[in-house]
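Pasting the sequence and the predicted model now:
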Amino acid sequence: MKSRGIMVVVLVFVASVAAAQFESGHMGQQVRVRVTFSNGGCDASAHLSLMGHGVRVGDGWANDKCEVNFFNVQTGSYQLTLIGGSVASADLGTIEVTSSGINEFDVRVEGPNDAGRNVGGYGNAFVSTSDLGVPSRARKEFDKASELISKRELDQAIQKLNKAISIYPGYAGAYNNLGVVYAWRGDQVRERESLETAIRLNDHFALAYLNLGRLNVASGDFPAAETVLDKASTFDPTDPMALILLSWAEFQQGHFDEAIATCRKAHLLGKAHAFAHRVAARAFEQQRNRAGAVAELESYLREQPAGPPAEAARKELDLVKKLP
């Protein structure tokens, strides 16, 4: 039975390109990024990556002060990328690292999402319906957990989902939802265990593959992400999210032709997120295909003409147009 989502855990990338120029002969700098979420909290399931010249320079998770620290960073321009977490949108942009002591930056992230909100066409992470064979007692606990999740009462939701599983150990949908709740809590070990169990119980569970792919992307395991996201797309070919994330996993491995083809496949569905154009643009840039990159960025701006991400795309477009 095909499941439909009621809530959202969204993977958001900020993927504009700025040429990073590294200065040799200098000790690396410390970079501290303070992240402010619109709800005043700190989403521990998200992490930041520091990208320079298309290369991942560092990764970091937020501490109890919602700060991410990077060490031994050479001076130059870098792109901050937010990966994972229950956020609606994030444009962290480009930072300039200098040689003057600790480089400190403040960034703001909109999110986490309100329950039931589907942001940016990315699709939902939770299951709201379940197999017909699930006993009514287990289903009731599952439904109670969904209500608690909508109120952000995650500890109680975990208890209800575990109770549903104790009643019906084959409850793949409950394991999927449990995995996403653990993602919100920043517990990647339990998140992975839950999602992998959901897939063992139902090896055609597209949403569980999708969520596992999100986790693999967040942890930087792009080959594993590519494998499970390909399955997610196969089992639910109508959802562009798996294709969009798949294109990013392909790009990160240097599979530029595949990334471009996957982005185009996503847009053929008629509901792809504009971010797919950014991925394709970066792939074209790596291939030194200026015309292709310009076309993708212009398409992005037609689909998303306003807001901080659009401004970042315009800056990227200006840079690309100056390339030889």
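Sure thing, it's come through.

could you point out where the stretch 101-250 of the chain is predicted with low confidence?
Low-confidence segments of the stretch 101-250 of the chain, defined by pLDDT under 70: 109-132.

Walk me through the domains of this structure.
For the chain, automatic domain parsing gives the domain ranges 29-109, 136-214, 237-321.

closest one to residue 221 among the ones you listed?
Judged by Cβ to Cβ, the one of the domains of the chain that comes nearest to residue 221 is domain 237-321, at 9.0 Å. For the C-beta atoms, the positions are set from N, CA and C on the backbone; glycine is no exception.

What distance separates the opening and closing residues of that closest one?
Taking Cα to Cα, to the nearest Å, domain 237-321 runs 35 Å from one end to the other.

Report the distance from it to the chain centre.
Relative to its chain's centre, domain 237-321 lies at 15 Å (Cα atoms, centre = their mean, to the nearest Å).

Would you quantify the distance from the nearest residue to residue 296 once chain neighbours are set aside to residue 313?
Using Cβ to Cβ, 6 or more residues apart in numbering and skipping residues adjacent in sequence, the residue nearest residue 296 is residue 281, 3.8 Å away. Separation of residue 281 from residue 313 (Cβ to Cβ, to the nearest Å) stands at 8 Å.

re the thing from before, relative to residue 228, which of the domains of the chain is closest?
Nearest to residue 228, of the domains of the chain and by Cβ to Cβ, is domain 136-214 at 4.5 Å.

What's the local residue count around residue 106?
By other Cβ atoms under 10 Å, the residues close to residue 106 number 10.

Wait, a helix at it?
No: the assignment for residue 106, made by DSSP: H, G, I helix; E, B strand; the rest coil, is strand rather than a helix.

so who does residue 31 touch?
50, 58, 69-71, 73, 78, 95, 97, 102-105 (Cβ atoms under 8 Å, 6 or more residues apart in numbering).

Which ones among the residues you listed map onto strands?
Of the positions in the contacts of residue 31, 50, 58, 69-71, 73, 78, 95, 97, 103-105 sit in strands, assigned by DSSP state E.

Buried among these? Make that a PyMOL selection.
If you want just the buried ones from the ones in strands among the contacts of residue 31 in PyMOL, going by 16 or more other Cβ atoms under 10 Å, the selection is:
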select buried, resi 50+58+70+73+78+95+97+103+105
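
JSON lines please, covering the domains of the chain and showing distance to residue 220.
Formatted as JSON lines, the domains of the chain follow (distance: least, Cβ to Cβ, whole Å):
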{"stretch": "domain 29-109", "distance to residue 220": "7"}
{"stretch": "domain 136-214", "distance to residue 220": "12"}
{"stretch": "domain 237-321", "distance to residue 220": "8"}
